[in-house]
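Chemist: Coordinates for the following, if possible.
(4 chains)
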There are 2 protein chains.
Amino acid sequence: MFLSKSFGYALRGVLYIALVDKDGRKVQLDEIAEKLSVPRHFLAKIMKMMVKEGILSSTKGPYGGFYLNEVTLKTKLIQLVKITDGVEQFNTCVLSLRKCNSKNPCPLHFQMLKLRDGMLAEFSAKKLGDLLDEKNPDFIKTISTIA
Amino acid sequence: MFLSKSFGYALRGVLYIALVDKDGRKVQLDEIAEKLSVPRHFLAKIMKMMVKEGILSSTKGPYGGFYLNEVTLKTKLIQLVKITDGVEQFNTCVLSLRKCNSKNPCPLHFQMLKLRDGMLAEFSAKKLGDLLDEKNPDFIKTISTIA
DNA sequence: TCTAAAAAAGATATTAATGTCTTTTATGGG
DNA sequence: CCCATAAAAGACATTAATATCTTTTTTAGA
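Modeler: So this is what the prediction gives:
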């Protein structure tokens, strides 16, 4: 409803790496996909996007894999949404009216604006690192359990 | 982002009828599709769904068309969302985790819950009739103008 | 009863999101 | 330099949403 599956996969992928990260060891796609029960090749595309955007790093070859970099945990959730889902949709009228705006509002303009701003606020305030809850030792299970 | 195009078309369709409604005269699909610049046959399906669900009426044949009934304007927005978009998505975890709930929350559970509840509240409080703003004489233009 | 009008129904097309498979490129170690 | 590994890249498949086109059913009126 609110966000794409790609976003969910991306977030879980990053969090998984963060959680198993020991001295910056790299994590392979195969492991992530398997542990999170996410389609391997589809996840590959999404991880690649994050690498391209610089919020995650990777190296090819033996002992290669994905790993966090300086910006990863400082990345705001909204930034991740932009990478996976794009940002146009935030500014488009729910009734597909191009001329809808606060001066010439559609019947749902202000309701949607409120929701949208609420979401933007939430997702702009939180960073990926904020989601790592040390108090929950089962956290990794939580992001893995889809069954 | 939040809702489908179908929902937008449905809402605009109903509102259009309400706005041109004179002594319960019926409005034809062709007129609605043209005035709202909405794909005719796609709109037909959506109107049909609303009729089937009882929140709108129609008759076939000459002088037939779509018209409001006793429940139309009393219909809550959330009901329309259910008809066009279904209701599953409201209860599904943004990370696709089936076991996600308030006792075993995913990292975004409470944020999403807040957004979702906000939306449900808004859309449960408003009825279609509430959207008819008599103070705005250009209202019909507003729901028509997509260019 | 016949005809025309209009919704209902159903078949097909397109597009975007999601998912799968294969080939290419880079890299560490022998 | 060669090989194995793993990401990057690209081709292809599937599914759901959106869109179009055709046929059927219902109805009002001549």
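Chemist: And A:Gln28, how close does it get to A:Asp21?
Modeler: 13 Å (Cβ to Cβ, to the nearest Å). No exception for glycine: its C-beta is placed from N, CA and C like everyone else's.
Chemist: A:Lys35 now?
Modeler: For A:Lys35 relative to A:Asp21 (Cβ to Cβ), the value is 14 Å.
Chemist: What is the burial count for the nearest residue to A:Leu3 once chain neighbours are set aside?
Modeler: Leaving aside its sequence neighbours, A:Leu3 sits nearest to B:Val94 (Cβ to Cβ, 6 or more residues apart in numbering or on different chains; 5.5 Å). Residues within reach of B:Val94, counting by other Cβ atoms under 10 Å in any protein chain shown, total 24.
Chemist: And the helix or strand of chain A with the lowest mean pLDDT, what does it pack against?
Modeler: Least confident helix or strand, chain A: helix A:139-144 with a mean of 80, by mean pLDDT, DSSP states H and E. Judged by 3 or more Cβ pairs under 8 Å, 6 or more residues apart in numbering or on different chains; DSSP states H and E, helix A:139-144 is in contact with helix A:5-20, helix A:29-36.
Chemist: would a markdown table of these with distance to DNA strand C and mean pLDDT be doable?
Modeler: Shown next, in a markdown table, are these (distance: least, Cβ to the nearest atom of the strand, whole Å; pLDDT from 0 to 100):
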| stretch | distance to DNA strand C | mean pLDDT |
| --- | --- | --- |
| helix A:5-20 | 3 | 96 |
| helix A:29-36 | 9 | 96 |
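Chemist: Could you identify which of these is most buried?
Modeler: When those are scored by mean count of other Cβ atoms under 10 Å in any protein chain shown, the highest mean neighbour count falls to helix A:5-20 (a mean of 21).
Chemist: Is it in proximity to DNA strand D?
Modeler: No - against DNA strand D, helix A:5-20 shows no contacts by Cβ under 7 Å from any atom of the strand, the least distance being 10.1 Å.
Chemist: for that helix, packing partners?
Modeler: By 3+ Cβ pairs under 8 Å, 6+ apart, helix A:5-20 packs against helix A:29-36, helix A:40-52, strand A:65-67, helix A:77-85, helix A:139-144.
Chemist: about what we covered before: need the helices and strands packed on helix A:139-144 in JSON lines (columns: distance to A:Glu88).
Modeler: As requested, the helices and strands packed on helix A:139-144 are exported to JSON lines (distance: least, Cβ to Cβ, whole Å):
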{"stretch": "helix A:5-20", "distance to A:Glu88": "15"}
{"stretch": "helix A:29-36", "distance to A:Glu88": "28"}
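Chemist: Close to DNA strand C: what parts of chain A are there?
Modeler: Contact residues, chain A versus DNA strand C (Cβ under 7 Å from any atom of the strand): A:4-6, A:9, A:39-42, A:44-45, A:59-64.
Chemist: now for those residues, which pair is the farthest apart?
Modeler: Maximum pairwise distance among the residues of chain A next to DNA strand C (Cβ to Cβ): 33.3 Å, between A:Ser4 and A:Pro62.
Chemist: Can you pull out the low-pLDDT segments for chain A?
Modeler: A:22-24, A:134-135, A:146-147 (pLDDT under 70).
Chemist: try 90 this time
Modeler: A:1-2, A:21-25, A:87-91, A:99, A:104, A:132-147 (pLDDT under 90).
Chemist: which parts of the least confident helix or strand of chain A are buried?
Modeler: The neighbour-count check on helix A:139-144 (16 or more other Cβ atoms under 10 Å in any protein chain shown) flags A:Phe139, A:Ile140, A:Thr142, A:Ile143, A:Ser144 as buried.
Chemist: Thank you, goodbye.
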